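In: Fold the following, please.
(chains A and B)
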Amino acid sequence: MPRRIVAASQATTPSTVLTYIVRRLIGAVILLFVVTAVTFSIFFLVPRIAGATSEDLASRYVGKTAGAEQIHEMAQKLGFTDPLYVQYGRFAKGLIVGSEYNTGTAIEQCPAPCLGYSFLKQNPVLPDILGRLPVTISLAAGAALIWVLAGVATGVLSALRRGTIFDRSAMMIALAGVSLPIFFTGMLSLSIFRDGLGWSIGGSFYKPLTEDPLLWFSSLSLPWITLAFLYAAQYARLTRAGMLETMNEDFIRTARAKGLPERTVVVKHGLRSALTPILTIFGLDIGLLLGGAILTETTFSLPGIGQYAVIAVANNDLPQVLGVTLTGAFFIVIANLVVDLMYAVVDPRVRTA
Amino acid sequence: MTTNPEDSLAEVGDVPPSTLPASRADKIGHRFLEVRDLRVHFPTDDGIVKSVDDLSFGVDRGQTLGIVGESGSGKSVTSLSVMGLHKKGTARISGEVLLDGENLVGASEERVRGLRGKRMAMIFQDPLSAMHPYYTVGSQIIEAYRIHNKVTKQVARKHAIDMLDRVGIPNPKSRADDYPHQFSGGMRQRAMIAMALSCDPELLIADEPTTALDVTVQAQILDLIRDLQQEFNSAVIIITHDLGVVAELADDIMVMYAGRAVEYSTASEIFNSPQHPYTWGLLRSMPRLDRERTARLVPIKGTPPSLINVPDGCPFNPRCPHTALTGGASHSEVPVLRDLGHGHRAACHLSAADRARLWNDNEGQTSG
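Out: Residues are numbered from 1 along each chain as shown, chains lettered A, B, ... in the order given. Okay, here's the model as predicted:
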């Protein structure tokens, strides 16, 4: 990943940092529009190239018994009969200034940024997504806390005890963690802890943190661990590799030659450097997860954005799919920006090189 | 050591290797650093790497010892063993490393750590990679100072700035807040020296201190090391592959080959009457101002042996042009470092007469 961070020494003043952020944000907005355009094209252009008519598309959103007349009406109502660029323009306009939707019985306002109206449920997409965001954030944040602590600690210990039984077994488990899919580990843990031991785990028990912290915690505990297992494994391997490399650096030898206690050498001099690449990956992982942990949310029936995405795709509900894609892209772009800025904080060479 | 110089010219290998040339024999037992029979072996999957074998030397405060040899001759391994920087699990170290009479081999890790940085310090070849890129130069010196001195950060900072000033860094107050990458190569090595000397160590080991530097900067750094040595009256070991570096600086020179000392004497002896074919090779491959410009440099043929598979007999025999003169001894016996008189020690099977003839012939050739 190219780090085009901060044009050098100028970035040390606050105003240039601000300029940099603004420039990156403008870039991000353009990127987000490209993302929507691509999603839009996949949804509409590809079926059209394959020979589907706007009626064929509209037939998905009417009852099974609907006649040709009803389908045509729906196609017109959803705007499928308009040229593609008009449809996309309508969507983009809604995103910027908001739009109105005729639900048949009333005209509803959809304020900007309007992600559109569900084809099937006839309701605006954004409130749906925002309503599900806390679940996704809870899942991502809790899991991240676990995987960073567990992964980095395991990685460091493994590197320091390279070749020992601890290292070998930790890396075995990590390999298993990287390889085993969530729907396997998730299902397994569900069958043991929820079905076998009767714990309150998963979506059916989920309550927001503000309503019932205890149930929030218990319903998310296993999803956290399951998701964290996958990531912790990856982080342990990365930390181990990074530490093995860093601990062979000349500056580690210098730190030892100064007479520093070994713990200071490992943490202050070794880990500090080894963590830099991990910071990048962490930012991207968090960004990705905030767009919905699809497998984990589906496995544990958690009502988050990931589950919403699955439902949206299954229903061919374009506005919902677009909304989820855009949300996911938004978080990734923001995470990228934060990571780049953090880089300058962590590594002085980035600031002034 | 009571060896009579006259006797030692005989071809007997039973003289125990002394730790120093006889020129300083009066100081035996009082040398600040004394290394006796040091062995550093690394067990690997392919066999035991004998990085250092039966090495003995010493250096006093106010003196400089130059350790010279090609890469892989065991110079750096030696210095790291003195500093106790080898990992316990990976290296097998035996022998004695006496720092002011205290044996560091087998001493507790905590004890050696307490001495590192305080009584013995080290500077490294590449000051950019040897300093932590994420911390300012000042904070790295402060860190070194505060491990061994219980002072506040402010006091330590003042000391760090003072040290930077003493090694000749302009604007030390503002430069202390710069990161290593903002320093030039020479300045970085000065900062490295400031860090090493921050606790006023009695022993300073400089491992190829000028190799990574610009030629014009090299001399400055060497001058600096000499000036600081006089100021701090410390014992200095300079490790280098370049005889030119130690020519000016060193009182004694030890030439290493394949983990062993092949010649050990005062600097003037080494330069004026070298006794080992390997030393001859090093000298001939070095450009000299007292030679005709048309005289060619003569490289030593071949490469140093693998330390897993050291040749039988003299480790230098595959590259030595004079093995025929030893009557097969150089392929069957490992030559012992023997006193050849005046405390000049060399490990060679050639007879004194042969050595004298070969060296004089060569001198005549190359300068003629």
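
In: In the stretch 251-368 of chain B, what residue comes closest to chain A?
Out: residue B:307 (19.4 Å; C-beta to the nearest C-beta). Where you see a C-beta, it was placed from the backbone N, CA and C, and this is true even at glycine.

In: show me the contacts for that residue.
Out: B:49-51, B:72, B:74, B:258-259 (C-beta atoms under 8 Å, 6 or more residues apart in numbering or on different chains).

In: Now cross-check those residues against chain A and list the overlap.
Out: Filtering the contacts of residue B:307 for proximity to chain A by C-beta under 8 Å from any C-beta of the partner chain leaves nothing.

In: Turn these into JSON lines, columns for distance to residue B:169, pLDDT and neighbour count.
Out: What follows is these, written out as JSON lines (distance: C-beta to C-beta, whole Å; pLDDT from 0 to 100; neighbours: other C-beta atoms under 10 Å in any protein chain shown):
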{"residue": "B:49", "distance to residue B:169": "39", "pLDDT": "91", "neighbour count": "20"}
{"residue": "B:50", "distance to residue B:169": "41", "pLDDT": "90", "neighbour count": "21"}
{"residue": "B:51", "distance to residue B:169": "35", "pLDDT": "92", "neighbour count": "24"}
{"residue": "B:72", "distance to residue B:169": "34", "pLDDT": "84", "neighbour count": "19"}
{"residue": "B:74", "distance to residue B:169": "34", "pLDDT": "90", "neighbour count": "26"}
{"residue": "B:258", "distance to residue B:169": "40", "pLDDT": "92", "neighbour count": "24"}
{"residue": "B:259", "distance to residue B:169": "38", "pLDDT": "91", "neighbour count": "28"}
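
In: just checking, residue B:97 touches residue B:80?
Out: No. Counting by C-beta atoms under 8 Å, residue B:97 stays clear of residue B:80, with 11.1 Å between them.

In: For residue A:87, give its distance to chain B.
Out: 51 Å (C-beta to the nearest C-beta, to the nearest Å).

In: and that residue, what element?
Out: Residue A:87 belongs to helix A:84-97 when elements are defined using DSSP states H and E.

In: helices or strands next to that helix in the packing?
Out: Helices and strands touching helix A:84-97, as assessed by 3 or more C-beta pairs under 8 Å, 6 or more residues apart in numbering or on different chains; DSSP states H and E, comprise helix A:14-49.

In: Next, count neighbours for residue 148.
Out: You didn't pick a chain, so chain A it is. Residues lying near residue A:148 (other C-beta atoms under 10 Å in any protein chain shown) number 20.

In: try again with chain B
Out: When neighbours are defined as other C-beta under 10 Å, residue B:148 has 19 of them.

In: Near chain A, which residues of chain B? Just list them.
Out: Contacts of chain B with chain A, taken as C-beta under 8 Å from any C-beta, map to B:80, B:83, B:85, B:113-118, B:121-122, B:124, B:126, B:129-134, B:136, B:143-144, B:147-148, B:179, B:181-182, B:192, B:195-196.

In: Which ChimeraX command selects the buried ones in these?
Out: Those of the residues of chain B next to chain A that count as buried under 16 or more other C-beta atoms under 10 Å in any protein chain shown are selected in ChimeraX with:
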select /B:80,83,85,113,114,115,116,117,118,121,122,124,126,129,130,131,132,133,134,136,143,144,147,148,179,182,192,195,196
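
In: Enumerate every residue touching residue A:274.
Out: Contacts of residue A:274 (C-beta under 8 Å, 6+ apart): A:156, A:239, A:242-243, A:245-246.

In: Just the buried subset of the residues you listed, please.
Out: Applying 16+ other C-beta under 10 Å to the contacts of residue A:274 flags A:156, A:239, A:242-243, A:246 as buried.

In: residue ranges for the strands of chain B, please.
Out: B:33-44, B:47-59, B:64-68, B:92-99, B:102-103, B:120-123, B:203-207, B:235-240, B:252-257, B:260-266, B:338-339, B:345-346 (DSSP state E).

In: May I see these arranged in TSV, with distance to residue A:227 as well?
Out: Formatted as TSV, the strands of chain B follow (distance: least, C-beta to C-beta, whole Å):
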stretch	distance to residue A:227
strand B:33-44	41
strand B:47-59	46
strand B:64-68	56
strand B:92-99	46
strand B:102-103	55
strand B:120-123	47
strand B:203-207	48
strand B:235-240	52
strand B:252-257	56
strand B:260-266	58
strand B:338-339	71
strand B:345-346	68
